[in-house]
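Participant: got a sequence here, can you model it:
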Amino acid sequence: MKDLCICFVIASTLVFGVCYIIQVKRKEAEATLSTWIILVVGCSLSFGTYWVAKNHDIESGIMNTVDVFYVFMVMVGVFFWGDRKKMKSHEKWYLAAVVCIVAYAFGTGDMYKSNWFTQALIAFAYIPMFHRMLKEKKKKDSYFGWIPAAGNALVALYPALCDGNDLAVAYAIRAFIFATITSAMMAYYQLRARRSKCEASTVRREVRNDQ
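Facilitator: Predicted coordinates for the structure are as follows:
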């Protein structure tokens with residue numbers, strides 16, 4: 001069962017990663033290069049600290065392992081077909097925080113705590129995206145980027161829990177929670193936009209009928 005879960009997460013990540021890149025190429029997903037560079041840096045730091053803290057246990061932490069390849073793959077796709085806007089101020093602060101965590105990790109040698117700091121940092125990285133959706137009140141990305149991530153996180157919990165790997169469990173739970181919130185917000189604003197469009201269409205028909 002554990003091996004089946006690992007294979008599922010790997011296969012699902014690759015398939016939906018390719019699907020997401022196709023949507024970026026078709027301009028059906030709003031992907032910014034600087035955002036994916038941030039994700040590559042965050043996931044790589046998370047994997048590096050986890051790799052050392054848990055003695056190279058890739059199987060338990062399969063979610064973090066495949067995420068590194070996923071975000072890198074998407075970053076390359078966004079480089080060719082996405083938005084190359086300059087890095088925003090909050091993204092620069094994010095990179096500064098990464099530097100601080102790296103300095104702490106090498107200075108103290110405590111990769112365990114460094115990994116927890118990284119999970120908190122990745123969680124905070126979602127806030128600007130949530131704020132943007134709340135402000136603009138519209139769906140900003142593709143479901144291919146988030147719904148599969150929530151599903152993979154749930155599946156990845158099994159090997160993490162089987163081995164009692166707290167860092168892998170924390171990573172999977174954090175990924176599930178924030179991917180689910182993102183997907184729910186996207187669905188809400190998409191349905192809201194469709195409802196508004198339908199209401200506007202109904203009003204126009206009524207006006208034409210009155211005339």
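Participant: what packs against the top helix by length along the chain?
Facilitator: Across the chain, the longest stretch assigned as helix under DSSP state H is helix 166-210. Counting contacts by 3 or more C-beta pairs under 8 Å, 6 or more residues apart in numbering; DSSP states H and E, helix 166-210 packs against helix 33-53, helix 62-81, helix 111-124, helix 127-136, helix 147-162. C-beta coordinates here come from the backbone N, C-alpha and C atoms, glycine included.
Participant: any idea how far the last one is from the chain center?
Facilitator: Going by C-alpha atoms, centre = their mean, to the nearest Å, the spacing between the C-alpha centre of helix 147-162 and its chain's C-alpha centre is 14 Å.
Participant: can you list contacts of it?
Facilitator: 1-2, 5-6, 8-9, 12-13, 16, 59-63, 66, 168-169, 171-173, 175-176, 179-180, 183 (C-beta atoms under 8 Å, 6 or more residues apart in numbering).
Participant: that one: which residues count as buried?
Facilitator: Neighbour counts over helix 147-162 (16 or more other C-beta atoms under 10 Å) mark 147-160 as buried.
Participant: any low-confidence regions in the protein?
Facilitator: Along the chain, the parts satisfying pLDDT under 70 run over 199-211.
Participant: that older thread, let's have the helices and strands packed on helix 166-210 in JSON lines, adding distance to Trp93.
Facilitator: Formatted as JSON lines, the helices and strands packed on helix 166-210 follow (distance: least, C-beta to C-beta, whole Å):
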{"stretch": "helix 33-53", "distance to Trp93": "11"}
{"stretch": "helix 62-81", "distance to Trp93": "19"}
{"stretch": "helix 111-124", "distance to Trp93": "10"}
{"stretch": "helix 127-136", "distance to Trp93": "10"}
{"stretch": "helix 147-162", "distance to Trp93": "24"}
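Participant: looking at these, which is closest to Ile22?
Facilitator: helix 62-81 (8.5 Å; C-beta to C-beta).
Participant: quick one: that closest one to helix 166-210, angle?
Facilitator: With axes from the mean of the first three to the mean of the last three C-alpha atoms, to 10 degrees as the basis, helix 62-81 and helix 166-210 are set at 50 degrees to each other.
Participant: and for whichever helix or strand comes after helix 62-81, what's in contact with it?
Facilitator: As assigned by DSSP states H and E, the chain's next helix or strand after helix 62-81 is helix 89-108. Helix 89-108 is contacted by residues 34-35, 38, 41-42, 45, 49, 110-111, 113-114, 117-118, 121, 124-125, 128 when judged by C-beta under 8 Å, 6+ apart.
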